[in-house]
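> starting from these lines, generate the structure:
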Amino acid sequence: MKHMGTQKIETERLILRKFKLDDAEHMFKNWANDISVTKYLTWPPHDNIETTVKLLTLWIPLYKNNNYYQWCIELKETSQAIGSISAVNVFEETDTVEIGYCIGRQYWNKGFTSEALSAIIKFFFDMAGVNRVQANHDINNPNSGRVMARCGLKHEGTLIQAARNQQGLCDICVYGLVKRDYDLTCKNNKYML
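Just a heads-up that it's a prediction; the model follows:
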């Protein structure tokens, strides 16, 4: 892998960029305090904006590390932070990144998550020299799997009670894509930018 850190990425409707402290209000309002958004995530909804500010205060200094990948999803039309997407795990020995994402409920079913994920996949394969991109979701959250599949990731299996989220122990569906398959099939996918 050639670590590059969190680079600014622009798509048709989005800007993927580093978080800044000014994003706290939109982050809190648009997704971090919403139990519907965090239902299948590993962290609970934020009770107040101070929790969001504390989290951003922890994240922002990490941008100095080239192996830290945490993007704010900004909607160009409004310049608002509407979600986040990141490499939640980096596995150096296999040149693999595991992607996690969340987006505000009012932005669901509009293709924004697919647009962001496809841009991140392209970045990791074409720029950072990653060999494998993977992601997983709670079996009870199939919409997340549809986003992964739309962006070229293949369902590889289900792990029984292999994770814990806001619902407790859960089964997770694992999706993955390797560079050779990305080169062969995904570069022409309409979600691949």
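> where do the helices sit along the chain?
24-27, 35-38, 49-59, 112-122, 142-150, 179-185 (DSSP state H).
> run through the protein and note the low-pLDDT ranges.
Within the chain, the stretches with pLDDT under 70 are 186-193.
> which residues of it fall in strands?
Along the chain, counting by DSSP state E, strands occupy 9-10, 14-17, 70-75, 80-91, 96-103, 132-138, 154-165, 168-178.
> other residues contacting the fourth one?
This points to strand 80-91. If you take Cβ atoms under 8 Å, 6 or more residues apart in numbering as the criterion, strand 80-91 is touched by 1, 16, 19, 23, 26-27, 30-31, 67, 69-75, 96-104, 107, 112-113, 116-117, 120, 124. Quick note: C-beta positions are derived from backbone N, CA and C, even for glycine.
> before we move on, the earlier item: so which of the strands of the chain is nearest residue 48?
strand 80-91 (17.3 Å; Cβ to Cβ).
> need the winner for burial among the helices of the chain.
Scoring the helices of the chain by mean neighbour count under mean count of other Cβ atoms under 10 Å gives helix 112-122 as the most buried, with a mean of 23.
> what helices or strands is that one leaning on?
Under the contact criterion of 3 or more Cβ pairs under 8 Å, 6 or more residues apart in numbering; DSSP states H and E, helix 112-122 touches strand 14-17, strand 70-75, strand 80-91, strand 96-103, helix 142-150.
> switch to 6 Å and redo it
helix 142-150 (3 or more Cβ pairs under 6 Å, 6 or more residues apart in numbering; DSSP states H and E).
> tell me what the helix it packs on is packed against?
Here helix 142-150 touches helix 112-122, strand 132-138, going by 3+ Cβ pairs under 6 Å, 6+ apart.
> could I get it in CSV with only the CA atoms?
Extracted in CSV, the C-alpha atoms of helix 142-150 (Å, rounded to 0.1, in the frame of the first residue of the first chain):
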residue,chain,number,x,y,z
PRO,A,142,-29.8,-5.3,3.8
ASN,A,143,-29.9,-1.8,2.3
SER,A,144,-26.3,-1.4,3.2
GLY,A,145,-25.5,-4.6,1.3
ARG,A,146,-27.3,-3.2,-1.7
VAL,A,147,-24.9,-0.2,-1.7
MET,A,148,-21.9,-2.5,-1.5
ALA,A,149,-23.1,-4.7,-4.3
ARG,A,150,-24.0,-1.7,-6.5
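> please shift the residue numbers so they start at 650 in all later answers.
Sounds good: first residue 650 from here, last item helix 791-799.
> run the angle between it and helix 761-771 for me.
Orientation of helix 791-799 against helix 761-771 (axes from the mean of the first three to the mean of the last three Cα atoms, to 10 degrees) gives an angle of 40 degrees.
> got the angle for helix 791-799 vs strand 817-827?
Calculated by the same axes, to 10 degrees, helix 791-799 forms an angle of 10 degrees with strand 817-827.
> which residues are contacting helix 791-799?
With contact meaning Cβ atoms under 6 Å, 6 or more residues apart in numbering, helix 791-799 is reached by 762-763, 784, 786, 822, 824, 840.
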